[in-house]
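J.: need coordinates for the below:
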Amino acid sequence: MSNTKFNIFLLVLFGAAMPAAVVLSTNLARSSFEKVKLRDQTITVKGYAERPISSDRAVFSAEIGAREKELTAAYTKLEADRAKVMAFLATKGFAGDQVQLGPVAIRTLYSRDAKGNPTNQIELHSVSQSVTIASATVKSIADAARDISTVIRDGVELSASPPQYSYTKLDDVKLQMIAEATGNARLRGEALVKNSNNRLGTLRSASQGVFQITPAFSTEISDSGVNDTSSIDKTIKATVTIEYAIE
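T.: This next block holds a predicted model:
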């Protein structure tokens, strides 16, 4: 074959091969691009966990008060009223070291003149003392708080705060709930990609939301979290936000 014919043959062969090479190159590039693009795809899902808890610690506080013209008389009445309160608490199972007494506070009240200005004349002496009980026997605290009004009917000047109920094993429960919420997030992610040809990949990032501790059956929620102390039976809720790769 002459050189001229051979060159023509090469040109024809090269021309025929070019489109196929371009198609092959394009397909390879597209496949490579799709793999890179897929590797960069992620999905973000929220995980949720909830469980009931029952308070295992309670605190109840009240303040006994007495007011008399003479300070000694006010203090005498305070002592008598304190004895009534202590007797009441004993019927609820609280005595001795189980009852914490605060220091006695004394306040002097002065008379006012016709224009409402204070004078140097003492009108009354007011004395007060706090009484606090704390126990793991939550029901006994609740009963004491509910029935404390009986000493008021007996002439005791007393103001009481609502009982404060708490759960002392919160740290352990929180760790368990983060794990549960993370598992829930993965299930949600898998459900979202179930009908595609992809699958959920590795965890890319994770963030924990605030815990919500609310009264049982409450729908209360707050961006800064809720920590209910007003109820014995509560619900603790946890959320996490997870980003997964898509493979």
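J.: bridged to E63, which residues?
T.: S130, S159 (DSSP bridges).
J.: what about it, distance to S128?
T.: Remark: distance between E63 and S128 (C-beta to C-beta, to the nearest Å) = 5 Å. Every residue, glycine included, has its C-beta placed from N, CA and C.
J.: of the two, which one has the most company?
T.: S128 (20 against 16; other C-beta atoms under 10 Å).
J.: helix or strand: which one has the nearest residue to that one once chain neighbours are set aside?
T.: With sequence-adjacent residues excluded and distances taken as C-beta to C-beta, 6 or more residues apart in numbering, S128 is closest to G65, at 4.4 Å. When elements are assigned from DSSP states H and E, G65 belongs to strand 57-68.
J.: by contact count, what packs against the helix or strand immediately after that strand in the chain?
T.: On the C-terminal side of strand 57-68, the closest following helix or strand by DSSP H and E is helix 71-91. Packed against helix 71-91 by the contact rule (3 or more C-beta pairs under 8 Å, 6 or more residues apart in numbering; DSSP states H and E) you find strand 57-68, strand 99-101, strand 118-135, helix 138-147, helix 149-153, strand 157-160.
J.: so the third one versus strand 57-68, what angle?
T.: So the one you mean is strand 118-135. Angle, strand 118-135 to strand 57-68, by axes from the mean of the first three to the mean of the last three C-alpha atoms, to 10 degrees: 150 degrees.
J.: now strand 118-135, how far from the centre of its chain.
T.: 37 Å (C-alpha atoms, centre = their mean, to the nearest Å).
J.: try the last one
T.: Shown here is strand 157-160, whose average C-alpha point lies 31 Å from the average C-alpha point of the whole chain (C-alpha atoms, centre = their mean).
J.: average model confidence for it?
T.: On average, the pLDDT along strand 157-160 is 97.
J.: so who does Y244 touch?
T.: 42-45, 186, 189, 200-204 (C-beta atoms under 8 Å, 6 or more residues apart in numbering).
J.: what does A105 give?
T.: 127-129.
J.: now do T214
T.: 220-221, 226, 228, 234-235, 237.
J.: try G183
T.: G47.
J.: and it, that's in a strand?
T.: No: the assignment for G183, made by DSSP: H, G, I helix; E, B strand; the rest coil, is helix rather than a strand.
J.: how much space between it and L203?
T.: 12 Å.
J.: which intervals of the protein have sub-threshold pLDDT?
T.: By pLDDT under 70, the low-scoring segments of the chain are 1-39.
J.: domain ranges for it?
T.: 41-55+167-247, 57-166 (automatic domain parsing).
J.: buried only: go through the contacts of Y244 for me.
T.: Among the contacts of Y244, those classed as buried by 16 or more other C-beta atoms under 10 Å are 43, 45, 189, 200-201.
J.: can you pick out the most distant pair from these?
T.: Across these, the longest distance by C-beta to C-beta is 12.9 Å; it joins V45 and G201.
J.: using a markdown table, lay out the helices and strands packed on helix 71-91 together with distance to Q212.
T.: Listed next are the helices and strands packed on helix 71-91 as a markdown table, based on distance: least, C-beta to C-beta, whole Å:
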| stretch | distance to Q212 |
| --- | --- |
| strand 57-68 | 20 |
| strand 99-101 | 31 |
| strand 118-135 | 25 |
| helix 138-147 | 21 |
| helix 149-153 | 33 |
| strand 157-160 | 28 |
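J.: just name the most buried of these.
T.: strand 57-68 (a mean of 20; mean count of other C-beta atoms under 10 Å).
J.: mind checking how far that one is from the chain centre?
T.: On C-alpha atoms, centre = their mean, the centre of strand 57-68 falls 29 Å from that of its chain.
J.: for stretch 214-234, same thing?
T.: 8 Å.
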